[in-house]
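Novice: have a look; sequence and predicted model below, questions after that.
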Amino acid sequence: MTRSADSTGATVSTGWAIFALAAGIAALLAQAALVPFTAAPQFGLLVNHGDLAIYRNAARAVLDSQALYSAPIPPGGWFTYPPFAALCFVPLAIVSFGVAKVAWFAMSWVALWATIWRCWRVLGYRGDARLALLCLGLGLVAVDIEAVRGTLWQGQINLLLMAVLVWDLTRPASARLRGFSVGLVAGIKLTAIVFLPYLLLTRQWRAVATAVATGSATVVAAWLILPGDAWMFWRDAAGDVDRIGPVTHPGNQSINGVLSNLWAPQLAPDWLWATCVAGAAGFGYAAAVRAHRTRRPLLGVVVTGLIGCVVPPLAWGHHWVWYVPLLIVLLHSTARVNTCRMLRITAATVTFAASSMWLTSWLYAEIKTLGMTGAPSYVPAMTAASEQMPPTVRAIVCGVPVAVYLAVVTAILTRTPTGQRKHDPAAEVPEVPAHS
């Protein structure tokens, strides 16, 4: 991966940068062959943006003084985010949907590239044109990851939120307002609250205070501007999982998705779900803390992001955008550590294969087999295709990301990082080079 190393960091070779770009182009061609970018019904990468439409119409409801949570938002879904999020989406409501789609897609792509860039910089690589080219190529490869494709396809916000969190939480411990991202992102999407226990457990007190203050500010702002919506959200909508979707959908790739499909059509016991979630979260936080204490702050942040995908009652596949920085960490480990290299290469390959868009490809093939490419939208077509899966198969589909998470956590807890030594538990995030 590197050509040389000096006081400014490791340098990416021109050959690797070109190889990454070629791999990215090949990945896009492979996706176009499996699921054409304009595939019907609204199944291609460029022909959906349904969640973006809900964001935009929720903002229009705010501007028109209409309730956010009393009825589904066109084109047919509940607005499930806090009211502060609707305020953030107002710029989308003052432009046409066509302009919003182009702008949102571009912003999401830049956020993806920026996350990859930031990861390499935190890992000690020199920021130059070769690294920029490498990040471009890897960004194109990442579009074949199910979560990344799903985020771009739906017009979701996941890539933008992840970019803010990764940038902020990998800054030096002394950086001004470090931790604000946790409060801000949680004010938009509640699952980001999982980063608060991580900051507490790693004794990053200044970041904790900043996160709490920022999150509180988002709640207060929403109460002052949208008091009725704020009341309805925190009283009713925040805990109503049915507004998000059916927990037995194969796209629900959380622990609850696995259990719900194994027990379907009955409900899984609440005690079992609570036990599994508590165990998964506990081991996850232990792994994140260990990564932090062994001077691997990026890995700690990534594991925490994955916790936010595993523990919710419903976590769609597009929530798992944290696969991207995880794969960067694995690639870095493969390139820089000579011991057990074949095992590391295998781990990176298996992780990419598990996270790739195999489910979307299968669903699209099944839709064509069922003759439903002429359906009015992707929803009935995807539902019909999903119904072809037996409950056990659906549980396996839901369980693949959970299995990857458990493998990552186990590896962190059971292996001593090469060349690393533990330091004081109260130590803060190590300083990254000033040029990053």
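Specialist: Yep, that arrived. Numbers count the residues shown, from 1 in each chain.
Novice: helix or strand right after the helix or strand harbouring residue 121?
Specialist: Counting by DSSP states H and E, the element that carries residue 121 is helix 97-122. Later in the chain than helix 97-122, the nearest helix or strand by DSSP H and E is helix 129-142.
Novice: how many neighbouring residues does residue 61 have?
Specialist: Residues within reach of residue 61, counting by other C-beta atoms under 10 Å, total 21. For glycine as for every other residue, the C-beta is placed from the backbone atoms N, C-alpha and C.
Novice: same for the host helix or strand of residue 216, what does it pack against?
Specialist: Take DSSP H and E as the rule and residue 216 turns out to sit in helix 205-225. Helix 205-225 sits against helix 83-88, helix 180-188, helix 195-201, helix 227-235, with contacts defined as 3 or more C-beta pairs under 8 Å, 6 or more residues apart in numbering; DSSP states H and E.
Novice: export the first one as CSV, just CAs?
Specialist: Looking back up the chat, that one is helix 83-88. Provided in CSV are the C-alpha atoms of helix 83-88 (Å, rounded to 0.1, in the frame of the first residue of the first chain):
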residue,chain,number,x,y,z
PRO,A,83,-38.5,17.4,14.8
PHE,A,84,-35.1,19.1,14.7
ALA,A,85,-34.3,17.0,11.7
ALA,A,86,-37.3,18.5,9.8
LEU,A,87,-35.9,21.9,10.5
CYS,A,88,-32.5,20.9,9.0
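Novice: which outside residues touch it?
Specialist: Applying C-beta atoms under 8 Å, 6 or more residues apart in numbering, the external contacts of helix 83-88 come out as 55, 58-59, 61-62, 68, 79, 187-189, 218-219, 221-222, 225-226, 229-230, 233.
Novice: how much space separates residue 95 from residue 29?
Specialist: Note on residue 95: its distance to residue 29, by C-beta to C-beta, to the nearest Å, is 32 Å.
Novice: who has more neighbours out of those two?
Specialist: residue 95 (13 against 10).
Novice: ok, the more buried one - contacts?
Specialist: residue 103.
Novice: so for it, what's the pLDDT?
Specialist: On pLDDT, residue 95 comes in at 97.
Novice: so who does the nearest residue to residue 72 once chain neighbours are set aside touch?
Specialist: Among residues not flanking residue 72 along the chain, residue 78 sits closest, at 5.4 Å (C-beta to C-beta, 6 or more residues apart in numbering). Taking C-beta under 8 Å, 6+ apart as the criterion, residue 78 is in contact with 69, 72, 237, 243-244.
Novice: ok, of those, which come out buried?
Specialist: 69, 237, 243-244 (16 or more other C-beta atoms under 10 Å).
Novice: just those residues now: which is nearest residue 173?
Specialist: Within the buried ones among the contacts of residue 78, proximity to residue 173 (C-beta to C-beta) peaks at residue 244, which comes in at 35.5 Å.
Novice: check contacts around that closest one.
Specialist: Contacts of residue 244 by C-beta under 8 Å, 6+ apart are 78, 80, 314, 316.
Novice: also residue 194?
Specialist: 281, 304-305, 307-308, 311.
Novice: got the helices and strands packed on helix 205-225 as TSV, with mean pLDDT and distance to residue 13 columns?
Specialist: Below are the helices and strands packed on helix 205-225 laid out as TSV (pLDDT from 0 to 100; distance: least, C-beta to C-beta, whole Å):
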stretch	mean pLDDT	distance to residue 13
helix 83-88	98	41
helix 180-188	98	33
helix 195-201	98	35
helix 227-235	96	51
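Novice: ok, which of the ones you listed comes nearest residue 350?
Specialist: Using C-beta to C-beta, these put helix 195-201 closest to residue 350, at 25.7 Å.
Novice: what lies in contact with that closest one?
Specialist: 165, 169, 179, 182, 186, 207-208, 211-212, 285, 288-289, 300-301, 304-305, 308.
Novice: now, of those residues, which are buried?
Specialist: Here, 16+ other C-beta under 10 Å leaves 165, 169, 179, 182, 186, 207-208, 211-212, 285, 288-289, 300-301, 304-305, 308 buried among the contacts of helix 195-201.
Novice: residues near the residue nearest to residue 154 when sequence neighbours are not counted, how many?
Specialist: Once flanking residues are discounted, residue 154 sits nearest to residue 51: 4.3 Å by C-beta to C-beta, 6+ apart. By the measure other C-beta under 10 Å, the count of residues near residue 51 is 22.
Novice: right, and the helix or strand after the host helix or strand of residue 368?
Specialist: Counting by DSSP H and E, the element that carries residue 368 is helix 358-370. Note on helix 358-370: by DSSP H and E, the next helix or strand toward the C-terminus is helix 378-386.
Novice: and the contacts of that next one?
Specialist: Contacts of helix 378-386 (C-beta under 8 Å, 6+ apart): 41-43, 48, 50, 76, 249-250, 363, 366-367, 370, 372-373, 375, 394.
Novice: next, the angle helix 378-386 makes with whatever helix or strand comes next after that helix.
Specialist: Past helix 378-386, further along toward the C-terminus, the next helix or strand under DSSP H and E is helix 391-414. Computed by axes from the mean of the first three to the mean of the last three C-alpha atoms, to 10 degrees, the angle separating helix 391-414 from helix 378-386 equals 90 degrees.
Novice: and helix 391-414, what does it pack onto?
Specialist: Checking 3+ C-beta pairs under 8 Å, 6+ apart, helix 391-414 ends up next to helix 255-263, helix 270-293, helix 297-310, helix 341-355.
Novice: ranking those by burial, who's on top?
Specialist: helix 297-310 (a mean of 26; mean count of other C-beta atoms under 10 Å).
Novice: is residue 402 in contact with residue 258, as I believe?
Specialist: Yes. Applying C-beta atoms under 8 Å as the test, residue 402 and residue 258 come out as touching, 6.1 Å apart.
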